[in-house]
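Novice: have a look; sequence and predicted model below, questions after that.
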Amino acid sequence: MSRSYHILTTKRLAIGYGKKVLHQNMMLQLYTGEMVGLIGPNGGGKSTLIRTLAGLQKPLEGSILLNDTSINSLKHADRAKLLAVVLTDRIQSQSLTVQQIVEMGRFPHTNWAGKLTPEDKNWVATAIEQVHLTHKTHHYFNQLSDGEKQRVMIAKALAQDTPIIFLDEPTAHLDLPNTIEIMLLLRRLAKETGKAILLSTHELELALQISDKLWLLTGQGIKKGIPEDIIMSDYLTKVFASRHFYFDKQVGNFRVEYETNGMQVHLQGEENEAYTWTRRALLRQGYTISNEADCCINIQTTDPVKWIFTNPLFSEDYYTIENLLAGLQEYLKKHA
């Protein structure tokens with residue numbers, strides 16, 4: 001693959017709608033061969049930025065350059081050869097086949113009659129193969145799962161043969177396995193094809209794991225960098241601040257702040273999966289883990305695993321976390 005270079009640049013870009021300015025003085029660069037995750041709070045301007053960069057919405061001020069050419073000076077057909085856009089809008093033509101929908105991506109390259117050449121047909125077949133849907137080529141769109149439908153729209157963008165692909169919430173209607181599959185697919189395509197891929201997403205933890213770079217929209221502008229630098233900068237903690245959860249920089253994910261029930265327990269045992277899930281269950285139920293507590297839970301990693309609950313009055317054995325929690329709750333009721 002050739003060396004990465006910036007294919008899109010903005011200069012003092014301001015975005016918004018009407019007289020409302022969402023962000024201004026944005027200086028952005030999008031590089032080939034990279035997948036950039038665009039994240040931020042709801043209503044923070046993610047979709048507005050995508051639509052503005054794609055030329056679907058006019059900027060309030062500033063300029064957008066594609067290969068050092070202003071996007072405003074490009075004819076629609078020329079722009080369509082440089083960037084493809086996958087929006088969250090549901091496709092209306094449910095009666096079309098996978099192949100027919102992907103063929104639409106070739107229209108910027110066809111003649112005035114819209115007739116596909118053998119080269120166009122090869123692009124279509126390759127795009128369908130890249131998203132692993134060759135076996136569904138002649139299936140109707142309405143016969144596909146949500147995950148397959150999203151892959152079809154990505155294939156349409158690939159068939160368009162542009163160096164840039166923008167995607168607005170491409171996993172919005174998908175379950176977790178399909179969400180992960182789509183995100184990994186986009187990352188692979190960026191690496192294998194050298195395309196610059198920008199996607200907005202609410203899947204923060206996945207974006208942190210999979211994106212090459214992040215654009216984080218904040219109340220003080222946009223913060224850019226690799227995920228690790230964004231995490232260490234504390235901006236994630238500030239942007240997504242809540243009394244109900246917090247971002248744990250040590251492990252790189254969000255944690256819930258549980259209300260405590262006033263009881264402390266000392267948790268003992270080898271720090272394995274039994275320890276991890278016991279600790280999580282205790283915190284979820286409002287218990288505080290403390291080495292100074294009078295009540296102790298000792299995890300015996302035997303077969304089966306055994307939890308020994310000891311307190312100043314008695315000792316009791318349990319063989320599931322659920323039963324352990326029930327025993328703790330009974331003790332708490334009697335001795336609170």
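Specialist: Structure received.

Novice: strands along the stretch 1-150 of the chain, start to end?
Specialist: Using DSSP state E, counting those that start in this stretch, the strands assigned to the stretch 1-150 of the chain run over residues 6-17, 20-26, 29-31, 35-39, 61-66, 69-70, 83-86.

Novice: what is the last one packed up against?
Specialist: Which is strand 83-86. helix 146-159, strand 164-168 (3 or more CB pairs under 8 Å, 6 or more residues apart in numbering; DSSP states H and E). C-beta coordinates here come from the backbone N, C-alpha and C atoms, glycine included.

Novice: mean neighbour count added to the ones you listed, as TSV?
Specialist: Rendered in TSV, the data for these read as follows (neighbours: other CB atoms under 10 Å):
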stretch	mean neighbour count
helix 146-159	22
strand 164-168	24
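
Novice: with mean pLDDT and distance to Ala84 as new columns, can those be given to me in JSON lines?
Specialist: Shown next, in JSON lines, are the helices and strands packed on strand 83-86 (pLDDT from 0 to 100; distance: least, CB to CB, whole Å):
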{"stretch": "helix 146-159", "mean pLDDT": "92", "distance to Ala84": "4"}
{"stretch": "strand 164-168", "mean pLDDT": "95", "distance to Ala84": "5"}
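
Novice: mind checking those for the one nearest to Asn298?
Specialist: Judged by CB to CB, the one of those that comes nearest to Asn298 is helix 146-159, at 44.6 Å.

Novice: all strands for the stretch 151-300 of the chain, in order.
Specialist: For the stretch 151-300 of the chain, applying DSSP E, counting those that start in this stretch gives strands covering 164-168, 196-200, 213-218, 221-225, 245-248, 253-256, 264-268, 288-289, 295-300.

Novice: mind checking how far the longest helix anywhere in the chain is from the chain centre?
Specialist: Of all the elements of type helix in the chain, the one with the most residues (DSSP state H) is helix 176-193. Between the mean C-alpha point of helix 176-193 and the mean C-alpha point of its chain there is a distance of 10 Å (CA atoms, centre = their mean, to the nearest Å).

Novice: and for stretch 59-71?
Specialist: Offset of stretch 59-71 from its chain centre (CA atoms, centre = their mean): 27 Å.

Novice: now do stretch 187-195
Specialist: Its chain's C-alpha centre lies 17 Å from the corresponding centre of stretch 187-195 when counted by CA atoms, centre = their mean.

Novice: pull the residues that contact that stretch.
Specialist: Counting by CB atoms under 8 Å, 6 or more residues apart in numbering, stretch 187-195 makes contact with 1-2, 4, 32-35, 130, 154, 158, 162-165, 196-197, 210-212, all of which sit outside it.

Novice: okay, now the unreliable bits of the stretch 101-250 of the chain?
Specialist: Applying pLDDT under 70 to the stretch 101-250 of the chain flags residues 111-113.

Novice: quick one, phi psi at Thr32?
Specialist: The main-chain torsion angles of Thr32 are listed as degrees, to the nearest 10 and equal phi -70, psi 150.
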